[in-house]
Every structure is written in structure tokens, then in C-alpha cells.
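Colleague: Below are the sequence and a predicted model for it; my questions follow.
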Amino acid sequence: MRKRPLPSISALQSFEAVARHLSATRAAQELHLTQSAVSKQVGQLEEILQNPLFTRIRKRLQLTPAGELYLVEVRKILNQVEMSSHYIQSYGGDTEVLAVVAPPTFASVWLIPRLVGFGKAYPHIHLNIRGESGSLDAPDEKADVEIYFGGGTRPNSQCAYLFDEKVVAVCAPGLLRPSMPSSLQQLTGLRLLQLNSRPQAWHEWFDAQDWRSNRSYHGPRFETFHMLISAATAGCGVALVPRFLVEDELANGRLAIAWPYAHTSKGAYYLAHAEHTADVPKVRALVQWISRQLAADRQPCRT
């Protein structure tokens, strides 16, 4: 099969610079090349793409429609190459990268504060944390360690239980004036904020209290718990959230409990990794660190 010609990085850089300045001369100055070299790179690129990228109108360069579309893609490619290069440059020869995936709000509120000190204890391990809600059935192939909410089994994975989740209804204190709702029916008179990934949340919360509402699925929807909490704090309505995610907001009065019931969710939080990595030092280090953090959390406070 004949190998298809692909543009070089230098050709993409030349095109991006010319597109940004709309001048081959200024692009050449920026790239420390001659104007003819830049023009040649762009010409070769147009030949590969079989589309003109620039046109000249009243002696001025302008991007063609194809050029405008291609510029968006080229900038993505150059940004990714730059990020990847910096990523590799940031590590020494003895440094190991530990890729960790966790739900976004969980990572921000619970995980990251409990990783303080990990870098000092394990200076050779460079954490790469990504906030993402993964599949309950399949592990993230790009992650060494994944924290997820759901059941305690996954194919080809070793899963460690972290803790259960108690869901509470919260809202801005101003929505409860002059007083907390006296009934669940009155509560549904407030706007019920929804989470995209948990469309059944309000239905299950009401059902656990033997109450039915025709408004369980009505209300604005949000992508993450962080968005949901922000909307509740802003006074947009009542949100169902895991209590541990809003302890600070409840303590400082930015949020208030809208109804005195905490529902224990069917799932729980687990830490998972591939079975064959159980004895990999970097994975074992994080698993043991999280285990110690959980033990510290369970210690009674001493005054």
C-alpha cells in the first residue's frame, strides 16, 4: 500500500504563523526562517491537502474557507505536541508517572486535599490526576489507579472499598426563609436541581421516604456535582449531593440542609487498579497512602 504524504511539524508551524500574521514576512521573522522557506512550506502543505489555504485580496493575504477550518485543527495539533513535550521534559530519569482518575468533584474536594505530603514522601512518583467519571463496568485503560462510585467488582481489577455515600438535600439558606419546608410536598415547590449522571436521584430519595412526586425528574440539569453545588449555593434551587462534598459549605453557612433526611446510596466509593499491578511499587504506595488517610479520617477528634 502506498504511503500517503503527511505534513511536517515545520510546515504546520509555518502555516499557523502565516495565518496568525496574514504575512509570510512576519511569520518568517518569528520562525527565524527566510520568507521563501516559509512560502515553500505552505505551498507543500497546500499540495498535500489539495486545497488552497490562502488567497490574496487587494494585495493582502486572507484565509480560504478550507484554511480557516484547517487552522483550528492545526492549532489543536501544535498545542498537543507542545503539551506532550513539556510533559516528558518535566520528568527526570528516575521519575515514575502515576496516572490517577477520579470523579471531578470527588477529586477536587476529597482526594487532592488528602494527597498533601504524598510528593514529599514519594519524590520519585509524579502524580497525573484526571477528573473523569468512568464506566462502572470497565476500567480506564489509561489510568494506573481509578477511584469510582458504584459496585465493588470490576473485570480484571482489584477493588478496595473506601466509604459509603449519604445523600442530603441542600440549598442556599435564603430559600428556607422563614422556615424549612414542613412537608415533602412543600419541598417540591422549590426547584429541584438535577445531575445528568444520576437522573434517578430525586426519585430514589423520595421513594426511600415512601413518598411519590411527579416532579422528581423536573428541573435544571448539571454535568458535575461541582456545578450542582454552585447552583444550589447561588440560590437556584435544592440539590441532592453527597454530604461529604458539602461539609465546608454547611459549616460556613453558604448552604443549609433543606430536609432532615440522609439517604444511603446503593453504591459506594472504591479504589481500583488492574490485578497484575497490585505489587507495582507506585500503585502500592498510593493504595497504602489512601488507606492511611481513611484511617486518620475515622479517628475521633480530640479537644
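Modeller: Noted; the coordinates are in hand.
Colleague: right, and residue 161 touches residue 152 too?
Modeller: Yes - taking contacts as CB atoms under 8 Å, residue 161 lies within contact range of residue 152: 6.0 Å. C-betas here are computed from N, CA, C, even on glycine.
Colleague: Okay, buried residues for stretch 243-260 please.
Modeller: 245, 246, 249, 254, 255, 256, 257, 258, 259 (16 or more other CB atoms under 10 Å).
Colleague: Tell me which residues touch the residue nearest to the fourth one when sequence neighbours are not counted, please.
Modeller: Pointing back at residue 254 there. Closest residue to residue 254 apart from its sequence neighbours, by CB to CB, 6 or more residues apart in numbering: residue 233 at 5.3 Å. Residue 233 sits next to 172, 249, 254, 255 when contact means CB atoms under 8 Å, 6 or more residues apart in numbering.
Colleague: again, 10 Å this time
Modeller: Residue 233 makes contacts with 170, 171, 172, 239, 246, 249, 254, 255, as judged by CB atoms under 10 Å, 6 or more residues apart in numbering.
Colleague: Any idea which helix or strand in this protein has the lowest mean pLDDT?
Modeller: One helix or strand of the chain scores below all others by mean pLDDT, DSSP states H and E: helix 65-89, with a mean of 87.
Colleague: how about the next helix or strand after that helix as PDB, C-alpha atoms only?
Modeller: Going down the chain from helix 65-89, the next helix or strand is strand 96-102, by DSSP states H and E. Extracted C-alpha coordinates of strand 96-102, given in PDB (Å, rounded to 0.1, in the frame of the first residue of the first chain):
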ATOM      1  CA  GLU A  96       7.600   7.400  37.600                       C
ATOM      2  CA  VAL A  97       4.300   8.700  36.500                       C
ATOM      3  CA  LEU A  98       1.200   7.500  38.400                       C
ATOM      4  CA  ALA A  99      -2.000   8.200  36.400                       C
ATOM      5  CA  VAL A 100      -5.000   8.600  38.700                       C
ATOM      6  CA  VAL A 101      -8.600   9.000  37.600                       C
ATOM      7  CA  ALA A 102     -11.400  10.100  39.900                       C
END
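Colleague: between strand 96-102 and helix 65-89, how big is the angle?
Modeller: 120 degrees (axes from the mean of the first three to the mean of the last three CA atoms, to 10 degrees).
Colleague: The helix or strand just after strand 96-102 - contacts with which helices or strands?
Modeller: Note on strand 96-102: by DSSP H and E, the next helix or strand toward the C-terminus is helix 104-106. In terms of contacts (3 or more CB pairs under 10 Å, 6 or more residues apart in numbering; DSSP states H and E), helix 104-106 is packed against strand 125-131, strand 145-150, helix 225-233, strand 238-242.
Colleague: Mean neighbour count, these: which tops it?
Modeller: strand 238-242 (a mean of 25; mean count of other CB atoms under 10 Å).
Colleague: Distance from it to the middle of the chain?
Modeller: 20 Å (CA atoms, centre = their mean, to the nearest Å).
Colleague: ditto for stretch 242-261
Modeller: Worked out by CA atoms, centre = their mean, stretch 242-261 lies 23 Å from the chain centre.
Colleague: ok, now stretch 116-134?
Modeller: With CA atoms, centre = their mean, you get 15 Å for stretch 116-134.
Colleague: which strand is the longest one in this structure?
Modeller: In the chain, taking DSSP state E as the definition, the longest strand is strand 157-171.
Colleague: Show the subsequent helix or strand relative to the one helix or strand residue 25 maps to.
Modeller: Assigned by DSSP H and E, residue 25 belongs to helix 24-31. Once helix 24-31 ends, the next helix or strand along the chain (criterion: DSSP H and E) is helix 35-49.
Colleague: Compute the inter-axis angle for that following helix and helix 24-31.
Modeller: Counting by the same axes, to 10 degrees, helix 35-49 lies at 100 degrees to helix 24-31.
Colleague: just checking, what packs against the helix or strand just after helix 35-49?
Modeller: Going down the chain from helix 35-49, the next helix or strand is strand 54-57, by DSSP H and E. Judged by 3+ CB pairs under 10 Å, 6+ apart, strand 54-57 is in contact with helix 9-21, helix 35-49, strand 60-63, helix 65-89.
Colleague: same thing but at 8 Å, please
Modeller: Contacts defined by 3 or more CB pairs under 8 Å, 6 or more residues apart in numbering; DSSP states H and E place strand 54-57 against strand 60-63.
Colleague: Outside of the strand it packs on itself, which residues are in contact with it?
Modeller: In contact with strand 60-63 (CB under 8 Å, 6+ apart) are residues 18, 19, 22, 23, 24, 53, 54, 55, 56, 71.
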